[in-house]
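**Q** coordinates only, sequence not included:
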């Protein structure tokens, strides 16, 4: 069961990253808001399956990664469920829109950036637990650990106010940055599927 959840979660994760990249390219905001909800839920399943593989020696790192995944998922679900419901369906005053609407790069945008920073921490700690048995595991471990480098920037950049007055993910620079992230993270989902499939066959 653990391996099955890991494989399914990882596969859905890879598909949602791909869907996110496509929605960005065609500028379909509701689409990438919605797939980010699925991305967060599938990420929880993926990290939970990795945590189930932890030995006594790396159990603490696995539990930290799982807790961080929960924090990330909570923040992201709040951000994108708000976009898909309240922002999408209600007539908001300009003042409330600046707080709740992602495109204004206000509170929910900052929570989103923080969420993905916490996700980076989660991947770093789970990367510490990966026991390398083959080339797939080695590549997966490197990518997971490397993804942890996103955390400092995600934590600090919103504090500087550098995003104020910009168009965020709708600008060409924002789209390019997010597409680069997709290119980095997509292999993590694919390699995770291969990892769990190989583990299930042992």
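**A** Received, thanks. The shown structure was predicted, so the numbers you read here are calculated from the model rather than taken from an experiment. Numbers count the residues shown, from 1 in each chain.

**Q** check contacts around the nearest residue to residue 15 once chain neighbours are set aside.
**A** Of all residues not flanking residue 15 in the chain, residue 189 sits nearest, at 7.8 Å (Cβ to Cβ, 6 or more residues apart in numbering). From N, CA and C alone the C-beta is placed, and that goes for glycine too. Residue 189 sits next to 10-11, 13-15, 17, 46 when contact means Cβ atoms under 8 Å, 6 or more residues apart in numbering.

**Q** neighbour-wise, which of those residues leads?
**A** Compared across these, residue 46 has the highest neighbour count, 30 neighbours, by other Cβ atoms under 10 Å.

**Q** For that one, give its distance to residue 63.
**A** 15 Å (Cβ to Cβ, to the nearest Å).

**Q** Tell me which residues of the helix or strand hosting residue 180 come out buried.
**A** Using DSSP states H and E, residue 180 sits in helix 172-200. Applying a neighbour-count criterion of 16 or more other Cβ atoms under 10 Å, one finds 174-175, 178, 181-182, 185-186, 188-197, 199 buried in helix 172-200.

**Q** Am I right that residue 48 is in contact with residue 66?
**A** Yes. Counting by Cβ atoms under 8 Å, residue 48 touches residue 66, with 6.2 Å between them.

**Q** what about the helices in this protein?
**A** For the chain, applying DSSP state H gives helices covering 2-25, 29-52, 59-82, 88-89, 94-100, 107-129, 135-147, 150-160, 172-200.

**Q** so can I have CSV of these showing mean pLDDT?
**A** Formatted as CSV, the helices of the chain follow (pLDDT from 0 to 100):
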stretch, mean pLDDT
helix 2-25, 96
helix 29-52, 97
helix 59-82, 97
helix 88-89, 91
helix 94-100, 89
helix 107-129, 96
helix 135-147, 97
helix 150-160, 93
helix 172-200, 92
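
**Q** Could you tell me the angle between the helix holding residue 180 and helix 29-52?
**A** Here helix 172-200 points in a direction 30 degrees away from that of helix 29-52 (axes from the mean of the first three to the mean of the last three Cα atoms, to 10 degrees).
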